[in-house]
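Colleague: Generate coordinates for the sequence data below:
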Amino acid sequence: MEIKPQTLASFLNAAPPAATLFYGANRGLVRESAMRLVAQALGTAKISDSPFGLSRFTAEQITSGAVVLDDAARAVSFDMALGGGSRVLWLEGEGEKCASQLQRYLLALQSEGNSPPPAILIVEAGALRKNHKLVTAFAKNTCAAVAACYPDEGRIQDGLIAEYFSASRLPVEVRRELVARLSPDRMLARRELEKLALLAGSQDAITAEQVFLAVADNAESDFDDLCFAITAGQVQEVHESFTRLTEGGAHAVAIARIVSRHLLRLSEVVAALAEGAEEKTALRRLSPPVFWKREAAFRSACKNCAPTSLSQAVRTLLASEAEMKSRGASYASASLERALLSVARQFRQTSRR
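Modeller: The predicted structure is shown next:
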């Protein structure tokens with residue numbers, strides 16, 4: 001069964017078939033759709049609410065023989081027999097790398113006819129042709145579904161923007177600028193819109209300058225460069241990144257909030273690791289997830305930062321933000337830079353111990 005883009009939303013809210021493939025150039029939409037269908041299959045608001053009903057793995061685990069799909073499906077079924085509910089297998093990433101194994105699994109499902117499937121399989125894949133053997137296998141199988149995830153545009157982007165901002169906050173010209181700059185990748189677009197929301201705060205109307213700061217091609221990189229330079233203790237890079245942002249028009253309070261959010265996300269993962277959670281599990285709990293291009297840097301930051309250092313850094317930034325608000329805009333930039341440099345030096349000292 002082939003799921004059309006216009007019916008994807010309703011498909012994700014319905015009972016899933018025995019196997020579903022999400023593929024396409026919109027990697028963010030592939031991941032978001034898979035996550036939503038996994039939660040729907042588990043019957044939970046959050047995937048982490050049903051740890052025993054879910055088995056996550058990669059194509060490499062299947063091709064290496066570390067995971068056998070049929071065995072995994074029945075193993076999960078046994079686990080769920082204790083608590084009831086659906087059983088879900090989630091193949092994350094490049095499912096096309098194990099196309100042959102997936103084809104065999106689908107044939108086995110087909111041969112079982114109307115028998116209940118041992119588990120619900122949800123697969124992610126990259127930008128495949130419509131006639132790729134994996135796409136064809138899912139489309140022609142009566143037990144399966146396949147959905148192509150194309151780059152976001154038009155009404156899709158309008159709907160995404162509406163999730164974050166009311167029409168009254170976006171003047172016509174500003175909205176046009178936002179749509180023109182917004183990433184066609186769902187995950188990146190959400191990150192850009194979240195950053196814009198932080199920059200705009202509670203003000204009534206969003207400006208074109210704020211859109212440019214949040215969504216410009218180099219905006220994501222500049223903010224991330226600053227955040228990761230701080231936790232790496234790279235004092236000079238903190239100064240340079242902060243200068244680029246302020247010279248580009250970023251407000252000090254907005255920068256402080258974005259850095260604080262980054263530190264709080266790190267704190268969440270570091271705390272989970274301290275309690276014995278696996279790194280992969282701790283990272284998966286974050287919402288929104290860490291952008292894949294920055295995952296290595298995020299992992300490194302988690303190893304570099306002690307919980308006490310992160311807590312102190314957040315307190316420093318909160319105190320700086322309060323001081324900025326009380327003393328006015330002319331003082332804000334210099335005050336925040338001193339605070340960020342102080343926090344970076346603190347991380348540099350603790351990482352050397």
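Colleague: going on from the lowest-mean-pLDDT helix or strand in the chain, what's the next piece of helix or strand?
Modeller: Within the chain, judged by mean pLDDT, DSSP states H and E, the helix or strand with the poorest mean is helix 69-81; its value is a mean of 65. Sequence-wise, the next helix or strand beyond helix 69-81 is strand 88-92, with elements assigned using DSSP states H and E.
Colleague: Please state the mean pLDDT value computed over that next one.
Modeller: Mean pLDDT, computed over strand 88-92, is 92.
Colleague: Can you get me a residue count around E278?
Modeller: Around E278 there are 10 other residues, counting by other CB atoms under 10 Å. The way it works is simple: take the backbone N, C-alpha and C, and place the C-beta from them, glycine included.
Colleague: What's the separation between it and R285?
Modeller: With the distance defined as CB to CB, to the nearest Å, E278 ends up 11 Å from R285.
Colleague: what's the closest non-adjacent residue to P17?
Modeller: On the basis of CB to CB, 6 or more residues apart in numbering, the spatially nearest residue to P17 that is not a chain neighbour turns out to be A145, at 4.9 Å.
Colleague: Can you give me the distance of G93 to D225?
Modeller: Taking CB to CB as the measure, G93 and D225 are separated by 26 Å.
Colleague: same check, this time on G126
Modeller: With distances defined as CB to CB, the gap from G126 to D225 amounts to 27 Å.
Colleague: Between these two, which has more neighbouring residues?
Modeller: Each of G126 and D225 had its neighbours counted (other CB under 10 Å), and the higher figure belongs to D225 (20 against 15).
Colleague: Can you name the helix or strand that the more buried one falls in?
Modeller: D225 belongs to helix 219-231 when elements are defined using DSSP H and E.
Colleague: by contact count, what packs against that helix?
Modeller: In terms of contacts (3 or more CB pairs under 8 Å, 6 or more residues apart in numbering; DSSP states H and E), helix 219-231 is packed against helix 186-200, helix 235-247, helix 252-274, helix 295-304, helix 329-351.
Colleague: which stretch among these comes nearest T7?
Modeller: helix 186-200 (17.0 Å; CB to CB).
Colleague: And the next helix-or-strand element following the closest one, what's buried?
Modeller: Note on helix 186-200: by DSSP H and E, the next helix or strand toward the C-terminus is helix 208-215. Using 16 or more other CB atoms under 10 Å as the test for burial, helix 208-215 gives 210-215.
Colleague: Which secondary structure state is assigned to the residue most central in space within the chain?
Modeller: Geometric centre of the chain, nearest residue: P289, 2.7 Å, by CA atoms, centre = their mean. Secondary structure assignment for P289 (DSSP: H, G, I helix; E, B strand; the rest coil): coil.
Colleague: so where's the chain uncertain?
Modeller: 45-52, 67, 75-86, 113-114, 216-220, 249, 288, 325, 328-330, 351-353 (pLDDT under 70).
Colleague: Tell me how it divides into domains.
Modeller: Domain assignment of the chain by automatic domain parsing yields the ranges 2-148, 157-351.
Colleague: State the distance from the residue nearest to L160 when sequence neighbours are not counted to L12.
Modeller: Distances taken as CB to CB, 6+ apart put A189 closest to L160, at 6.0 Å, once the chain neighbours are dropped. For A189, the distance to L12 (CB to CB) stands at 18 Å.
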